[in-house]
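J.: Got a predicted model here, sequence first, then my questions.
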Amino acid sequence: MSSVTKALRSGTVRKDTYERLVCDDCNRQLTTRDRGGVGWRRVCPDCGREWKQLR
Ligand SMILES: [Zn+2]
């Protein structure tokens, strides 16, 4: 799983005007899932790709 930081750098994920993470391909806001204390998984509900984010 790639990281949110890398995805932002490569343009796969971007931030909208409210600083929310958005999948650039689908133009959908990412959902957040807890990873059990080590951070979050950010998931695009349309294409199903996931990115990890550390706390
Ligand atoms: Zn997507």
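T.: Looks like it came in fine.

J.: What segments of this protein are helices?
T.: 4-10 (DSSP state H).

J.: Show me which residues of it sit near the ion.
T.: Within reach of the ion by CB under 5 Å from the ion, the chain has these residues: 23, 25-26, 44, 46-47. Backbone N, C-alpha and C define where each C-beta goes, glycine included.

J.: Give the bridge partners for the spatially most central residue of the chain, please.
T.: Central residue of the chain (CA atoms, centre = their mean): residue 42, 4.0 Å from the mean position. Following DSSP bridges, residue 42 is listed with bridge partners residue 32, residue 51.

J.: Next one: it from the ion, what distance?
T.: Shown here: residue 42 relative to the ion, a distance of 11 Å by CB to the ion, to the nearest Å.

J.: neighbours around residue 47, how many?
T.: Neighbour count for residue 47, taken as other CB atoms under 10 Å: 11.

J.: Per-residue pLDDT of the residue nearest to it when sequence neighbours are not counted, please?
T.: In space, residue 47 comes closest to residue 26 once its chain neighbours are excluded; the distance is 5.4 Å by CB to CB, 6 or more residues apart in numbering. At residue 26, the predicted lDDT confidence score is 98.

J.: what sits against residue 26?
T.: Contacts for residue 26 (CB atoms under 8 Å, 6 or more residues apart in numbering) come out as 44, 46-47.

J.: mind listing what the closest residue to residue 49 other than its chain neighbours touches?
T.: Of all residues not flanking residue 49 in the chain, residue 23 sits nearest, at 7.0 Å (CB to CB, 6+ apart). Residue 23 makes contacts with 12-13, 29-30, 44, 46-47, 49, as judged by CB under 8 Å, 6+ apart.

J.: Residue 11 now?
T.: residue 24.

J.: Check the gap between residue 53 and residue 11 for me.
T.: 17 Å (CB to CB, to the nearest Å).

J.: What segments of this structure are strands?
T.: Remark: strands assigned in the chain by DSSP state E are 2-3, 13-15, 21-23, 28-29, 31-34, 40-43, 50-53.
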